[in-house]
Structures are given as structure tokens and as C-alpha cells.
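>>> Output the structure for:
(chains A and B)
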Amino acid sequence: AQKITQTQPGMFVQEKEAVTLDCTYDTSDQSYGLFWYKQPSSGEMIFLIYQGSYDEQNATEGRYSLNFQKARKSANLVISASQLGDSAMYFCAMREPRSISNFGNEKLTFGTGTRLTIIP
Amino acid sequence: EAQVTQNPRYLITVTGKKLTVTCSQNMNHEYMSWYRQDPGLGLRQIYYSMNVEVTDKGDVPEGYKVSRKEKRNFPLILESPSPNQTSLYFCASSLYRGQYEQYFGPGTRLTVT
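Numbering: from 1, shown residues only, chains lettered A, B, ... in the order given. Prediction:
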């Protein structure tokens, strides 16, 4: 079964510094997708970035980048120049690969999250 | 505006009283799914639907029912809620065939006493 591990329950980072949130995953499949979502205190889940397992380049979206190291099975989120509004819970997730036994389910398997607090 | 809506956003109810949480999307998405979020456990899938009249169980389906009579709607039904179903519930939707982002609703915080 697929598994996502986020080893940092909480992080405190000074405003304007870069921050790296760790995520490792476990799968025996070759085709999969990795996601990062942000959950602010208001509760909604906000999509940040996506990396496909066959993508050769690391994904970037504005201040967010994904440090994808396939051999190490890690997909760390990097936030550059952190802002106070970045304070939130961050979840790493993996989409189950499409297979005969799993046909049709686009389920995301989530990690337990990292609570990031940006300090002024 | 493309969105997934859920109602109600907050609900406090008593054990055994049937309730329905509605979910609707305006993006003509084929795939819809329900998750529950509990502290320390992340989000876990309850049920999913590939299209109208096609639904299947996720990882934690016990105590829940769903239906998909229309493409845009995917209600979650708790026939006899119990306190262990107190949780934050999310509905999500996406297209198949290439689109990778799942759009999440705003969440429904349910408390069963």
C-alpha cells in the first residue's frame, strides 16, 4: 500500500527565510503523482503544486517549488521568501497509480501534515 | 467561478439522527470523492464516484452512504451518526484523463454528541 511520511509535525521559520517541508513516499509503482496542499486555519484545502513521477524537471509555482528526488522517494516542498500568510498546515499527498485493480479511483493518500508557523 | 460547494459548513447533531452533507461542483467533473480529516491521521477516503450511478468504497466507508444521481452532486449520508464520526469532511472532484488537480470543497465540520 502507498504511504506518505511527513516527519516534521511543526516548524517555526523567520519571515522572509526559505523553508523546506519534508515528504517521503513509499510505492512500488513507476507511475504516480505527488501533490502539496495548504490548509490555513479557516480549514479549506488549497492546491499548491504537482509533480508527476515521469516529469524530468522539478515543478515550480511562483514561490513554491518541489524538490523531487525519485531515487530517494522524496518530494520536499520549498517555499522561498516566506510570508506571514504562509502560516498553515501543509499536506503532502500521492495519487494512487492507475491500474486494473485500482481503475477509476483517483484517491489521494495524505501524510499527517506539517504545521508551519512564520515568525515576524 | 469554478468551485466545489458543501453544505452545511458546520453541523452539531445527536447520535442516531440521520443527516446528509451535500456536495456540488460546477466544473462538469466526472470524478468525485469524500474524505474525512482527523488529527494525526491526515485525510482518508470514504467513498468515491467515477461517474453518474457509479460509486465505490474508499478506505473508511463504514457508517456512510453516498449516491450519484446527477453528475454535479455527490451527497454523503450518515444514516445513524455516532460520536466517532465527529470529523472534518471534504468533498473533492476532478476530471479524468490528464487533469491532475483535485478541487476540494470548503469542508464540513461535523460534531456528533
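
>>> what does chain B put close to chain A?
Residues of chain B lying close to chain A (CB under 8 Å from any CB of the partner chain) are B:31, B:33, B:35, B:40-45, B:48, B:50, B:54, B:56, B:58-59, B:88, B:90, B:92, B:94, B:96, B:100-107, B:109. Every C-beta, even on glycine, is put in place using the N, C-alpha and C of the backbone.

>>> Counting only strands, which of those residues make the cut?
B:31, B:33, B:35, B:42-45, B:48, B:50, B:54, B:56, B:88, B:90, B:92, B:94, B:103-104, B:109 (DSSP state E).

>>> Need the buried ones from these selected in PyMOL.
Here is the PyMOL command that selects the buried residues among these (16 or more other CB atoms under 10 Å in any protein chain shown):
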select buried, chain B and resi 31+33+35+42+43+44+45+48+50+88+90+92+94+103+104
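
>>> Next one: the residue positioned nearest the centre of chain B from B:Ser67, what distance?
What sits nearest the mean C-alpha location of chain B, by CA atoms, centre = their mean, is B:Trp34, with 3.1 Å. The spacing between B:Trp34 and B:Ser67, counted by CB to CB, to the nearest Å, is 12 Å.

>>> Now the common contact residues for those two.
B:Phe74 (CB atoms under 8 Å, 6 or more residues apart in numbering or on different chains).

>>> thinking again about what came up before, excluding chain neighbours, what is closest to the residue nearest to the centre of chain B?
Using CB to CB, 6 or more residues apart in numbering or on different chains and skipping the chain neighbours, the partner closest in space to B:Trp34 is B:Ile46 (4.3 Å).

>>> quick one, what contacts B:Thr5?
Taking CB under 8 Å, 6+ apart, one finds B:Thr22, B:Cys23, B:Ser24, B:Gln25, B:Gly105, B:Pro106 in contact with B:Thr5.

>>> lowest-confidence helix or strand of chain A?
Across the helices and strands of chain A, mean confidence by mean pLDDT, DSSP states H and E is lowest for strand A:108-110: a mean of 90.

>>> mind listing what's buried in the very next helix or strand once past that one?
Counting by DSSP states H and E, the next helix or strand C-terminal to strand A:108-110 is strand A:114-119. For strand A:114-119, the neighbour count (16+ other CB under 10 Å) marks A:Thr114, A:Leu116, A:Ile118 as buried.

>>> Tell me, how many residues neighbour A:Phe91?
For A:Phe91, the neighbour count with other CB atoms under 10 Å in any protein chain shown is 26.

>>> Bridged to it, which residues?
Assessed by DSSP bridges, A:Phe91 has beta-bridge partners A:Tyr37.

>>> I figured it was touching B:Leu43, is that so?
Yes. At 7.2 Å, A:Phe91 and B:Leu43 qualify as touching, with contact defined as CB atoms under 8 Å.

>>> give me every residue that touches A:Thr20.
A:Asn67, A:Asn76, A:Leu77, A:Val78, A:Ile79 are the contacts of A:Thr20 under CB under 8 Å, 6+ apart.
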